[in-house]
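Novice: sequence first, predicted model second:
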Amino acid sequence: MSTSIPPALEIPRRLLLGPGPSDADPRVLKAMSAPLLGHLDPKFVAIMTEVQEMLRQVFRTKNSLTLPISATGMAGMETCLTNLVEPGDKALVFNAGYFATRMVDVAGRAGAEVHELKLPWGQAFSPEQMRKEIDRVGPKVVGVVHAETSTGVLQSLEGLGEHCKKHGALLVIDTVTSLGCVPLELDAWGVDAAFSCSQKGLACPPGLSPLSFSDRALEKLQARKSKVQSWYFDLSIITQYWTQGPGARAYHHTAPISANYALHEGLRIVLQEGLEARWKRHQTNHLALKAGLEAMGMQYVAPEGHRLPQLNAVYFPQGVEDLPIRKRMLEEFGIEIGGGLGELAGKIWRIGLMGCNSRADVVYTCLSTLERCLIDVGVKIVPGTGVGAAEAEHARMAKS
Ligand SMILES: *Cc1c(COP(=O)(O)O)cnc(C)c1O
């Protein structure tokens, strides 16, 4: 056995422009370095209540059951589906990407009879297509990925909540990449369950999965005949820790204290900026980045009108090798961008402008370094093309 002690960590500075994690806001990192409190300390309990109240504002909901699950985004997916699916229930998943495929898997493991409507990756479902399939299948649970991070597609949820309600189905949505970046209105849209994460649009470290359940979802939970098969994610006991009132705040698990400090500060930052202003900032910087990427010859995977501003999935120029470019971006320039997942691996790059990274200077830094890397492997681009197009787009938007 070796007795040597490795040196203390020296973490290089990176600019995290992949599909997540995105950079944590410096204010968030500072909040995390505060001393620990006990998980039932009245001061911590007050922090929990504030986190829940801010989460309701950010999710645009009055749902009493709104809290962060103590794990990453996938745990939110698992919590929603294991709690809302009873063995044999029909679940319908609209699947056009990597994360929707995971929803199919997780719903199946929860005992659902899973039906899926598939589209080629990169496409979005039309409201009519979704309504028709719900009518045909008659599901108890409908799963949709709002922001499909594998393809950069924003899935419209127009009219879906109302249609699900009419047919007695619960609408579960994955907002892991959408929360804090694009419009999301749980109550106005009639969403029954939504889950997200801390490390993308909220600019916190990974480790928490904000989640919210409607009253209809709560009723289903209370009417369950079988126990939720997961102990850790059983909301009927988690809520005893996260709910105020008699018999509440009972120990369930030790909440990740520092992660909750982080989320508290992250949510304060979101609300101080204002959701509308934040959504607009993401859209503005997306349009500038898009102008630059397209000027350098790249094309978006998602069709116009269905693109995520916070996750730009583009086909890179033909003949270019994926890995050497991303390696150089990371090692020489300290910039992380994402590659493709599944069937898009080796074909696309995924460039995230999430949370505090959605800024003009980040857009220009990303475009100029990418341009340097592409020119050096022989792609014909006039130097300055990408940044020039982005600057022109920013200027155009500032005027209008
Ligand atoms: C990142 C992501 C997840 C998984 O979240 P983790 O925090 O990695 O567990 C789920 N769904 C979507 C759409 C995502 O982008």
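Specialist: Here it is on my side, so go on.

Novice: what residues does the residue of the stretch 151-300 of the chain found nearest the ligand make contact with?
Specialist: Nearest to the ligand in the stretch 151-300 of the chain, going by CB to the nearest ligand atom, is V176, at a distance of 3.6 Å. To be clear about C-beta, it is placed using only N, CA and C from the backbone, and glycine gets the same treatment. The neighbours of V176, taking CB atoms under 8 Å, 6 or more residues apart in numbering as the test, are G20, G73, G76, M77, F99, A147, T149, F195, S196, C197, K200, S209.

Novice: show only the entries of those residues found in strands.
Specialist: A147, F195, S209 (DSSP state E).

Novice: restrict those residues to those near the ligand?
Specialist: For the ligand, the contacts drawn from the ones in strands among the contacts of V176 by CB under 6 Å from any ligand atom are A147.

Novice: dump the ones in strands among the contacts of V176 to a markdown table, plus pLDDT, neighbour count and distance to I47.
Specialist: Below are the ones in strands among the contacts of V176 laid out as a markdown table (pLDDT from 0 to 100; neighbours: other CB atoms under 10 Å; distance: CB to CB, whole Å):
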| residue | pLDDT | neighbour count | distance to I47 |
| --- | --- | --- | --- |
| A147 | 98 | 28 | 28 |
| F195 | 98 | 26 | 21 |
| S209 | 98 | 26 | 17 |
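
Novice: count the neighbours of the residue of the stretch 51-200 of the chain found nearest the ligand for me.
Specialist: Nearest residue of the stretch 51-200 of the chain to the ligand: G73, at 2.5 Å (CB to the nearest ligand atom). G73 sits with 27 neighbouring residues when counted by other CB atoms under 10 Å.

Novice: same question, R27
Specialist: For R27, using other CB under 10 Å, the count is 15.

Novice: likewise I173?
Specialist: 27.

Novice: likewise the one 4 residues further on?
Specialist: Burial measure for T177: 30 neighbouring residues, criterion other CB under 10 Å.

Novice: show me the shaky parts of the stretch 51-200 of the chain.
Specialist: In the prediction, the stretch 51-200 of the chain carries no residues with pLDDT under 70.

Novice: what does it have sitting close to the ligand?
Specialist: Counting by CB under 6 Å from any ligand atom, the residues of the stretch 51-200 of the chain near the ligand are T72, G73, M74, F99, V145, A147, T149, D174, V176, T177, C197.

Novice: which of those fall in helices?
Specialist: Assignment to helices by DSSP state H places the following of these there: G73, M74, F99.

Novice: not counting its neighbours along the chain, what's nearest the first one?
Specialist: Nearest residue to G73, sequence neighbours excluded (CB to CB, 6 or more residues apart in numbering): C197, at 3.5 Å.

Novice: the helices in the stretch 1-150 of the chain, which residues?
Specialist: Per DSSP state H, counting those that start in this stretch, the stretch 1-150 of the chain carries helices over the ranges 26-32, 42-59, 73-84, 98-109, 127-137.

Novice: my read is that T82 contacts S226, right?
Specialist: No. T82 is beyond contact range of S226, at 10.8 Å (criterion: CB atoms under 8 Å).

Novice: neighbour count winner among the two?
Specialist: Between T82 and S226, counting by other CB under 10 Å, T82 is the more crowded of the two (21 against 9).

Novice: for the more buried one, give me its contacts.
Specialist: V106, A110, V228, Q229, S230, F233, D234.

Novice: mind putting these in a markdown table, secondary structure included?
Specialist: Putting the contacts of T82 into a markdown table (DSSP: H, G, I helix; E, B strand; the rest coil) gives the following:
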| residue | secondary structure |
| --- | --- |
| V106 | helix |
| A110 | coil |
| V228 | coil |
| Q229 | coil |
| S230 | coil |
| F233 | coil |
| D234 | coil |
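
Novice: can you select the buried ones among these for me in PyMOL?
Specialist: To isolate the buried members of the contacts of T82 in PyMOL, using 16 or more other CB atoms under 10 Å:
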select buried, resi 106+110+228+233+234
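
Novice: where's the dip in pLDDT among the contacts of T82?
Specialist: Ranked by pLDDT, those bottom out at Q229 (93).

Novice: my guess is that one meets A110, correct?
Specialist: Yes. The pair Q229 and A110 qualifies as a contact (CB under 8 Å) at a distance of 7.1 Å.

Novice: for the protein, which segments count as strands?
Specialist: Ranges of strands in the chain, per DSSP E, are 15-17, 65-69, 90-95, 113-118, 141-145, 147-148, 153-154, 170-174, 193-195, 209-213, 299-300, 311-315, 335-339, 348-352.

Novice: of all those, which one is nearest S2?
Specialist: Of all those, strand 335-339 sits nearest to S2, with 31.1 Å by CB to CB.

Novice: winner for burial among the strands of the chain?
Specialist: Across the strands of the chain, averaging neighbours per residue (mean count of other CB atoms under 10 Å) puts strand 147-148 on top, at a mean of 30.

Novice: hmm, back to that, quick one: closest of the strands of the chain to G245.
Specialist: strand 65-69 (13.2 Å).

Novice: what does the stretch 201-350 of the chain have sitting close to the ligand?
Specialist: Taking CB under 6 Å from any ligand atom as the criterion, the neighbours of the ligand within the stretch 201-350 of the chain are P206.

Novice: go again with 8 Å.
Specialist: Proximity of the stretch 201-350 of the chain to the ligand is confined to P206, S209, L311 under the rule CB under 8 Å from any ligand atom.

Novice: could you list the domains of this structure?
Specialist: 26-271, 275-399 (automatic domain parsing).

Novice: which one of those lies closest to P12?
Specialist: Nearest of those (CB to CB): domain 275-399, 6.5 Å.

Novice: what mean pLDDT does that closest one have?
Specialist: Rounded mean pLDDT across domain 275-399 is 97.

Novice: list the contacts of the closest residue to L154 other than its chain neighbours.
Specialist: Counting by CB to CB, 6+ apart, L308 is the residue found nearest to L154 once chain neighbours are left out, at 4.9 Å. Shown in contact with L308 (CB under 8 Å, 6+ apart): A147, E148, T149, G152, V153, L154, T177, S178, C181, V182, H286, A302.
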